[in-house]
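K.L.:
I'd like to go over a predicted model; first the sequence, then the structure.
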Amino acid sequence: MKAQNIPDDLKVRATQLREQLNRYGYRYYVLDSPEIPDAEYDRLFQELQALEIAHPELIAPDSPTQRVGGKPLEAFAPVRHQRPMLSIRTETDTGPDGARAFDAQVRRELDLSEDTAPVEYACELKFDGLAINLRYEQGVLTQAATRGDGETGEDVTQNVRTIKTVPLRLQGIAPEVLEVRGEAYMSRPDFERYNAQQRAANLPTLVNPRNGAAGAIRQLDSRQAMKRPLSFFAYGLGETQGWEPPATHSATLDALAALGLPVSAERAVVQGANGLMAFHDAIAVQRDALPFDIDGVVYKVNRLDWQRQLGFRTREPRWAVAHKFPAQEELTVVEAIEVQVGRTGAITPVARLKPVFVGGVTVTNATLHNADEIARKDVRVGDTVIVRRAGDVIPEVVSVVWDRRPANTQSFVMPATCPVCGSHVVRPEGESVARCMGGFYCRAQRKEALRHFASRRAMDIEGLGDKLVKQLVDQELVRGPADLYALDIATLAGLERMGAKSAANLAAALERSKTTTLARFLYALGIREVGEATAMTLAAHFGALEALTAAEEETLQQAPDVGPVVAAAIRAFFQEPHNQQAIARLRAAGVHWPEGAKKPVVISSLAGKTFVLTGALDALTRDQAADRLRVLGAKVSGSVSKKTDYVVAGRDAGSKLEKAQALNVTVLDEAGLLALLEDP
């Protein structure tokens with residue numbers, strides 16, 4: 001076909017695709033700042049590839065189909081690969097037909113008849129990181145380089161040396177020269193830890209683990225590279241001298257492992273298309289449980305002589321293919337930004353999305369985490385965004401595609417009041433999460449607040465469990481804790497799985513709970529930052545609830561172990577009108593405690609010591625003993641460890657006593673505990 005016979009619209013489209021792909025490729029490979037997900041890039045690439053196959057005259061020297069990767073960064077010294085680092089063709093069909101098509105192509109090009117035995121393949125994972133070539137001379141790592149454009153890469157030796165899984169010297173008898181190809185990647189736990197640290201410091205986070213790996217490898221300062229912990233897996237060879245590789249690819253990987261190089265355990269040798277499909281399906285099941293990201297599997301003809309016979313196309317080997325899984329990142333549009341109120345009052349912004357199929361499901365919502373994240377990513381209604389979903393992880397907006405932003409978009413502003421109850425939204429100093437101060441009043445928090453209020457360490461309302469709390473709230477029988485004390489036996493007996501006897505027992509438990517202590521009451525209120533020990537400290541320091549609720553932040557900080565963050569949380573809680581009303585209604589319902597004068601908090605030798613209580617006590621209950629220990633500044637734990645200072649063993653003490661003896665932890669009987677409490 002003559003060039004002049006190609007329709008103008010196809011010429012224009014080919015030019016557009018080349019420009020787009022080159023721009024996206026530059027941002028992805030050179031700047032480490034991807035604008036679109038891999039799946040979108042693949043679709044555009046395949047569209048251009050199809051146009052060029054149909055109309056070869058459209059192929060231009062700058063077409064991304066004519067090269068393997070991006071240009072090396074000028075800041076790094078160029079490295080000429082002795083053997084080109086070519087990328088592997090991607091099979092676009094993520095189903096079983098993709099495996100069948102590859103096997104059929106291999107058999108056809110090897111001229112194997114139907115009667116011939118199945119082809120043997122080495123199957124591996126397709127890691128989502130950055131391809132690296134390691135060069136060892138006499139067993140010592142002398143150079144590490146990126147793929148670059150396949151012919152020339154970048155010298156990143158100093159940064160690769162920071163990867164602890166890359167051996168600086170090979171084990172055993174090493175070849176004169178051995179170049180090892182593999183993938184530098186960031187594990188999911190390392191990625192999450194890094195982003196958590198960045199958020200805490202109000203610094204930019206990484207888009208995904210692959211972006212983190214690429215950015216670390218291309219740091220000009222290796223000290224900065226060390227801040228992003230990377231790992232490495234070997235999967236092939238480059239140049240070799242003084243070494244005869246084994247006859248198969250799988251044996252080659254075994255040989256690399258024997259030299260001390262990390263090789264993934266998730267690999268297999270299989271027979272024919274059925275074996276390929278079985279491996280693909282098995283890894284798909286394991287994918288979300290792996291500690292690193294993969295986006296598919298790789299099939300390679302196992303026999304190296306057959307690999308040489310099959311040879312290469314322009315861009316890729318004929319003896320290997322990457323068989324992808326459904327994409328975990330996709331493009332979609334933000335149709336709205338709303339906030340959700342969690343059970344603890346945390347206000348989380350959520351993007352309502354134009355439905356998109358990603359990670360195997362249709363996604364319509366994605367978390368935006370908090371106000372800092374929205375501001376950092378500058379996500380707005382109408383934006384085209386990259387959304388990511390991996391396994392059971394909540395979908396999240398990764399980044400905005402800036403060149404698709406509509407005009408006149410507005411930045412999102414977090415609400416000043418709770419969308420559920422109208423209470424104030426407060427963001428404590430130094431925290432990234434804003435919270436509703438409505439507490440019991442807020443329907444979104446009501447179930448969790450009531451569950452905590454009734455718990456054993458708080459008001460100790462026996463029989464009021466999670467399922468019963470859910471019924472009471474869902475049926476609008478209880479809107480706040482005071483409503484619990486208005487429930488009669490007839491109402492309780494009408495609930496699911498509640499007979500007359502159970503209703504009577506719960507009514508009796510509610511009545512008993514009205515007599516409590518100020519410390520338990522404070523803990524039951526669920527004030528943020530106020531646990532059991534702080535509640536006891538506040539009760540002892542202020543003596544009366546009225547003195548505590550009237551205290552300013554400066555006064556609150558005079559109590560032991562109450563700093564600015566805790567004081568601010570306490571003050572914000574008691575200033576909220578809804579919380580004041582809830583407390584007033586509880587007292588009107590008959591909840592009471594012994595009023596006492598302000599007491600100095602005893603600073604004892606037990607402060608900071610860790611106790612474990614086991615077995616039955618006679619003079620005190622275990623709860624009473626734990627309360628007295630906490631008042632003296634001690635910690636009470638539920639398990640024995642080397643950090644335990646004392647184990648108090650009552651009657652019928654079991655495994656905790658045995659573990660304490662094995663660890664040489666000091667064991668006290670009840671008399672010994674009482675002696676410590678009397679003279680701390």
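P.N.:
Cool, the structure landed.
K.L.:
nearest residue to the middle of the protein?
P.N.:
Centroid-nearest residue in the chain: residue 192, 5.1 Å away (criterion: CA atoms, centre = their mean).
K.L.:
may I have the phi/psi pair for it?
P.N.:
Torsion angles at residue 192 (phi, psi; degrees, to the nearest 10) stand at phi -70, psi -40.
K.L.:
any idea how far residue 396 is from it?
P.N.:
Look at residue 192 and residue 396: by CB to CB, to the nearest Å, they are 12 Å apart. (Each C-beta comes from the backbone N, C-alpha and C, glycine too.)
K.L.:
quick one: the strands in the stretch 201-350 of the chain?
P.N.:
For the stretch 201-350 of the chain, the strands defined by DSSP state E, counting those that start in this stretch cover 231-241, 268-271, 294-301, 320-324, 329-341, 346-358.
K.L.:
where along the stretch 351-500 of the chain do the helices fall?
P.N.:
For the stretch 351-500 of the chain, the helices identified by DSSP state H, counting those that start in this stretch occupy 371-377, 443-454, 466-474, 481-484, 489-493, 500-513, in order along the chain.
K.L.:
with mean pLDDT, distance to residue 328 and mean neighbour count as extra columns, can I get those in TSV?
P.N.:
Shown next, in TSV, are the helices of the stretch 351-500 of the chain (pLDDT from 0 to 100; distance: least, CB to CB, whole Å; neighbours: other CB atoms under 10 Å):
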stretch	mean pLDDT	distance to residue 328	mean neighbour count
helix 371-377	88	18	17
helix 443-454	89	30	22
helix 466-474	90	34	16
helix 481-484	95	44	22
helix 489-493	93	48	16
helix 500-513	94	48	16
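K.L.:
turn those into JSON lines, columns for distance to residue 128.
P.N.:
Conversion of these to JSON lines gives the following (distance: least, CB to CB, whole Å):
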{"stretch": "helix 371-377", "distance to residue 128": "21"}
{"stretch": "helix 443-454", "distance to residue 128": "37"}
{"stretch": "helix 466-474", "distance to residue 128": "40"}
{"stretch": "helix 481-484", "distance to residue 128": "49"}
{"stretch": "helix 489-493", "distance to residue 128": "55"}
{"stretch": "helix 500-513", "distance to residue 128": "54"}
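K.L.:
for residue 608, which of these is the nearest?
P.N.:
With CB to CB as the criterion, residue 608 lies closest to helix 443-454 of the helices of the stretch 351-500 of the chain, at 26.3 Å.
K.L.:
element containing the closest residue in space to residue 229 that isn't next to it in sequence?
P.N.:
Nearest non-adjacent residue to residue 229, counting by CB to CB, 6 or more residues apart in numbering: residue 190, 4.7 Å away. Following DSSP states H and E, one finds residue 190 within helix 188-200.
K.L.:
next one: that helix to chain centre, how far?
P.N.:
In terms of CA atoms, centre = their mean, to the nearest Å, the gap separating the centre of helix 188-200 from the centre of its chain is 8 Å.
K.L.:
distance check, residue 579 against residue 655.
P.N.:
When distance is defined by CB to CB, residue 579 is 43 Å away from residue 655.
K.L.:
which one of these two has more residues nearby?
P.N.:
Between residue 579 and residue 655, counting by other CB atoms under 10 Å, residue 579 is the more crowded of the two (23 against 9).
K.L.:
sec struct for that one, please.
P.N.:
Classification of residue 579 using DSSP: H, G, I helix; E, B strand; the rest coil returns helix.
K.L.:
any figure for the gap between it and residue 541?
P.N.:
Counting by CB to CB, the separation of residue 579 from residue 541 is 20 Å.
K.L.:
try residue 302
P.N.:
Applying CB to CB to residue 302 and residue 541 gives a distance of 74 Å.
K.L.:
repeat for residue 145
P.N.:
Using CB to CB, residue 145 is found at 65 Å from residue 541.
K.L.:
neighbour count for these two, which is higher?
P.N.:
The neighbour count for residue 145 versus residue 541, taken as other CB under 10 Å, is higher for residue 145 (27 against 21).
K.L.:
any idea what the more buried one is bridged to?
P.N.:
In this structure, residue 145 has beta-bridge partners residue 133, residue 155, where bridges are defined by DSSP bridges.
K.L.:
okay, it: pLDDT?
P.N.:
Predicted confidence (pLDDT) for residue 145: 95.
K.L.:
okay, buried residues for stretch 514-524 please.
P.N.:
516, 518, 519, 520, 521, 522, 523, 524 (16 or more other CB atoms under 10 Å).
K.L.:
can you tell me which of the residues you listed are in helices?
P.N.:
Within those, residues falling in helices by DSSP state H are 518, 519, 520, 521, 522, 523, 524.
K.L.:
export those residues as a markdown table, with columns for distance to residue 447 and pLDDT.
P.N.:
Shown next, in a markdown table, are those (distance: CB to CB, whole Å; pLDDT from 0 to 100):
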| residue | distance to residue 447 | pLDDT |
| --- | --- | --- |
| 518 | 25 | 94 |
| 519 | 24 | 91 |
| 520 | 21 | 92 |
| 521 | 20 | 96 |
| 522 | 21 | 95 |
| 523 | 18 | 92 |
| 524 | 15 | 93 |
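K.L.:
show me which of those is closest to residue 65.
P.N.:
The shortest approach to residue 65 among those belongs to residue 523, at 66.3 Å (CB to CB).
K.L.:
for the lowest-mean-pLDDT helix or strand in the chain, packing partners?
P.N.:
The least trusted helix or strand in the chain, going by mean pLDDT, DSSP states H and E, turns out to be helix 222-225, with a mean of 76. Based on contacts counted as 3 or more CB pairs under 8 Å, 6 or more residues apart in numbering; DSSP states H and E, the elements that helix 222-225 packs against are helix 157-160, helix 209-217.
K.L.:
of all these, which one is nearest residue 362?
P.N.:
The closest approach between residue 362 and any of the helices and strands packed on helix 222-225, judged by CB to CB, belongs to helix 209-217 at 24.1 Å.
K.L.:
contacts for the closest one?
P.N.:
Contacts to helix 209-217, defined as CB atoms under 8 Å, 6 or more residues apart in numbering, come from residues 29, 32-34, 128-130, 132, 146, 156, 159-160, 184-188, 190-191, 194, 206, 224-225, 227-228, 230, 292-293.
K.L.:
what do you get for stretch 343-350?
P.N.:
Stretch 343-350 is touched from outside by 337-342, 365-371, 374, 412, 414-415, 418, 425, 433-439, 442, 444-445, 447-448, 528, with contacts defined as CB under 8 Å, 6+ apart.
K.L.:
list buried residues within those.
P.N.:
If you count burial by 16+ other CB under 10 Å, the buried members of those come out as 337, 339, 341, 366-371, 374, 412, 418, 425, 433-439, 442, 444-445, 447-448, 528.
K.L.:
buried residues in stretch 532-550?
P.N.:
Of the residues in stretch 532-550, those with enough neighbours to count as buried (16+ other CB under 10 Å) are 532-543, 545, 548-549.
K.L.:
pLDDT check: weakest of these?
P.N.:
Where pLDDT dips furthest among these: residue 533, at 77.
K.L.:
surely it meets residue 627?
P.N.:
No. Under the criterion of CB atoms under 8 Å, residue 533 makes no contact with residue 627, lying 10.1 Å away.
K.L.:
residue 567: how many residues sit nearby?
P.N.:
For residue 567, the tally of surrounding residues (other CB under 10 Å) stands at 20.
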